[in-house]
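In: Could you look at this predicted model? Sequence included:
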Amino acid sequence: MFITFEGVEGCGKSSVLTYVFNELQKEKYNIMETREPGGVKISEEIRKIVLGKAYMEMDKRTEALLFAASRRQHLVEKVWPALKENKIVLCDRFLDSSLAYQGGGDGLGVDEVLKVNLFATENTYPDYTILFDIDPRVGLARINKNNNREVNRLDIKELEFYDTVRKTYLELAKKYKDRYIIIDASKDFNTVANNVLNIIKEKINGLH
C-alpha cells in the first residue's frame, strides 16, 4: 500500500509521518518511510537544486520537470521495489505536491503538470493521500517558531502563493475523493498524530 502525506508548509505532516512510522514498526508492520523530493541518491541531488536558495532564478517549468524527474527515479529505485515486497510505503509528499505547488501556486495549470508527472510515473497514483489541512498563516507561524527546521526555497514564497496551494489541494481532494483523507492539522500534535495512525491502521487492516 502506498500512502502519501501532503499539505502546505508547517502543517506537521513530516513529524506525524515519523510518529506513525515508529508506531507501526513497533507493531511489526512491514513498513517503509521515504520523502520527496529525495529518498534515493539522484533524487536527493535534485532536491538540493530544486529547493536550494542559491537557485532563485529557476524557471517554473524547469522546476516542475525537475520534481517529476526526481519522482521517477525515487519510484524506480525505492517505491516500486518496496511495493513489490508487499511493504506499506509512507511517503512525505508525492504527485499532489507538484499539482498544488507548481500547477496551482505557480500557475502552470494542474492538468499540464499532471501530464508531465503521469509520463514520469507511468500513471502511478497513491492508494491513499492524507491531506494535512491548515491555514497557511498558522503553518508559517509554526515554521518561524521552529529554529531546527530546514528552511528551503519554497518556504519563502508570498502568502498568496500558499493560499492558492491550499485551495488547489482542497480541489484535488474533491476530484480524488476516493483516495484523499482530509485531516484538521490545526489541532495539537498528539490529536493529529493518533488520528492519522488510527486511520492508516484501518486502511491497512481493511486489506486483510
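Out: Looks like it came in fine. Residues are numbered from 1 along each chain as shown.

In: same for the lowest-mean-pLDDT helix or strand in the chain, what does it pack against?
Out: Counting by mean pLDDT, DSSP states H and E, the weakest-scoring helix or strand in the chain turns out to be helix 136-145, with a mean of 87. For helix 136-145, the packing partners by 3 or more Cβ pairs under 8 Å, 6 or more residues apart in numbering; DSSP states H and E come out as helix 159-175. C-beta here means a position set from N, CA and C on the backbone, and glycine is covered the same way.

In: For the helix it packs on, which residues meet the burial criterion?
Out: Going by neighbour count (16 or more other Cβ atoms under 10 Å), the buried part of helix 159-175 is 161-166, 168-169, 172-173.

In: Kindly report the same for stretch 185-203.
Out: Neighbour-count burial for stretch 185-203, with 16+ other Cβ under 10 Å as criterion, is recorded at 185, 192-193, 195-197, 199-200, 203.

In: Mind checking which of the residues you listed are in helices?
Out: 192-193, 195-197, 199-200, 203 (DSSP state H).

In: how far away is residue 39 from residue 204?
Out: With distances taken as Cβ to Cβ, to the nearest Å, residue 39 is found 21 Å from residue 204.

In: pretty sure residue 128 is touching residue 3, no?
Out: Yes - checked against Cβ atoms under 8 Å, the pair residue 128 and residue 3 is within contact range at 4.8 Å.

In: Compare those two and say which is more crowded by neighbours.
Out: The residue with more neighbours, out of residue 128 and residue 3 and counting by other Cβ atoms under 10 Å, is residue 3; that gives 24 against 18.

In: Assign the more buried one to helix, strand or coil.
Out: strand (DSSP: H, G, I helix; E, B strand; the rest coil).

In: Quick check: it vs residue 105, distance?
Out: Using Cβ to Cβ, we find residue 3 at a distance of 23 Å from residue 105.

In: Residue 177: neighbour count?
Out: Here the number of neighbours of residue 177 (other Cβ under 10 Å) works out to 10.

In: thinking again about what came up before, I'd like the buried residues of stretch 185-203 written out as CSV, with distance to residue 144 added.
Out: Shown next, in CSV, are the buried residues of stretch 185-203 (distance: Cβ to Cβ, whole Å):
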residue, distance to residue 144
185, 17
192, 20
193, 22
195, 25
196, 24
197, 28
199, 29
200, 30
203, 34
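
In: of those residues, closest to residue 78?
Out: Using Cβ to Cβ, residue 200 comes nearest to residue 78 of the buried residues of stretch 185-203, at 19.4 Å.

In: and the closest one, what does it touch?
Out: Contacts here follow Cβ atoms under 8 Å, 6 or more residues apart in numbering; on that basis residue 200 touches 3, 20, 24, 90, 128, 130.

In: now the spatially most central residue of the chain, nearest residue through space, not along the chain?
Out: The structure's the chain has its C-alpha centroid closest to residue 93; by Cα atoms, centre = their mean the separation is 1.5 Å. For residue 93, ignoring the flanking residues on the chain, the nearest one in space by Cβ to Cβ, 6 or more residues apart in numbering is residue 36 at 4.3 Å.
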